[in-house]
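**Q** What follows is a predicted protein model with its sequence.
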Amino acid sequence: MLKGAIARRYAGAIFELARKQDTLDRTLAEVKEIAHLFAQRKLAYLLREPKIPAKRKETAIRQALVSRALPTSLNVALLIVQRELVDLMPAIATELEQLVLNFRNQVVAKVTTAVPLDKRQQNIVKQALERKTGKTILVRTQVDPSILGGVVARVGDQVIDASVRHRLAALQHCLLTDVSTASTDLLFEEPATDLSSTTGVVQPSYSSQA
């Protein structure tokens, strides 16, 4: 079975159990923590080394998790180690997060700006994206001065590019390809009123990326 399918199968089982127990948020947080824990160099070596007894591995996991994780989360960690799927733990955590988001009609938007957004600006971007997607948006921001200004938002496989850098590139393309018509239209285009009204840029463009 392909690794992606295995990760989805385990994530699905974890999701259904957490949903029935009404522990979705805590379970997701703990599964992410387990993935982080398994990636730590010392423990990762111990869990992957076939010569180390299984009992020693189990003891190490119990010591790390028993006082701060649900019994079901601890059992997940033990099962993953027993079945030698330690390398799949990050993928399982990612698949579980997506199941939780889908269940709640939520989607993560990775929003890039040239300078940090304050709370008011984040809320305006969030509301604009919610109108476009019909989903509850969870905004995750990052700063990249190279976009010069405006906003680049990735929502799933869709990219909404309302950056100054993109605008300048589009203008340059028009100047190089059709000076007589396209560039004139571009220069006198009316400003957008959606995402760009917050960030001082013009009409965003849309593209899909894998």
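**A** It's in.
**Q** what ranges do the helices span in this protein?
**A** Secondary structure of the chain (DSSP state H): helices located at 3-21, 24-38, 41-48, 54-65, 71-82, 89-103, 119-133, 164-177, 182-187, 196-199.
**Q** Could you dump those into JSON lines with mean pLDDT and mean neighbour count added?
**A** In short, each C-beta sits where N, CA and C put it, glycine included. Below are the helices of the chain laid out as JSON lines (pLDDT from 0 to 100; neighbours: other C-beta atoms under 10 Å):
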{"stretch": "helix 3-21", "mean pLDDT": "95", "mean neighbour count": "16"}
{"stretch": "helix 24-38", "mean pLDDT": "96", "mean neighbour count": "19"}
{"stretch": "helix 41-48", "mean pLDDT": "90", "mean neighbour count": "13"}
{"stretch": "helix 54-65", "mean pLDDT": "93", "mean neighbour count": "15"}
{"stretch": "helix 71-82", "mean pLDDT": "95", "mean neighbour count": "17"}
{"stretch": "helix 89-103", "mean pLDDT": "96", "mean neighbour count": "19"}
{"stretch": "helix 119-133", "mean pLDDT": "92", "mean neighbour count": "16"}
{"stretch": "helix 164-177", "mean pLDDT": "81", "mean neighbour count": "15"}
{"stretch": "helix 182-187", "mean pLDDT": "46", "mean neighbour count": "14"}
{"stretch": "helix 196-199", "mean pLDDT": "45", "mean neighbour count": "18"}
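**Q** A153 is nearest to which of these?
**A** helix 119-133 (6.2 Å; C-beta to C-beta).
**Q** what's the distance between the closest one and the middle of its chain?
**A** On the basis of C-alpha atoms, centre = their mean, to the nearest Å, helix 119-133 sits 17 Å off its chain's mean C-alpha point.
**Q** With stretch 82-92 instead?
**A** Taking the mean of its C-alpha atoms, stretch 82-92 sits 20 Å from the chain's own mean (C-alpha atoms, centre = their mean).
**Q** do the same with stretch 90-98
**A** Worked out by C-alpha atoms, centre = their mean, stretch 90-98 lies 10 Å from the chain centre.
**Q** Show me the contact partners of it.
**A** With C-beta atoms under 8 Å, 6 or more residues apart in numbering as the test, stretch 90-98 has contacts from 3-4, 7-8, 10-12, 14-15, 27-28, 31-32, 34-35, 39, 80, 85.
**Q** Using CSV, list the CA coordinates for it.
**A** The C-alpha trace of stretch 90-98 is given here as CSV (Å, rounded to 0.1, in the frame of the first residue of the first chain):
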residue,chain,number,x,y,z
PRO,A,90,4.1,13.7,10.0
ALA,A,91,1.9,12.6,7.1
ILE,A,92,-0.6,11.2,9.5
ALA,A,93,-0.7,14.4,11.4
THR,A,94,-1.2,16.4,8.2
GLU,A,95,-4.0,14.1,7.0
LEU,A,96,-5.7,14.3,10.4
GLU,A,97,-5.6,18.1,10.4
GLN,A,98,-7.2,18.1,6.9
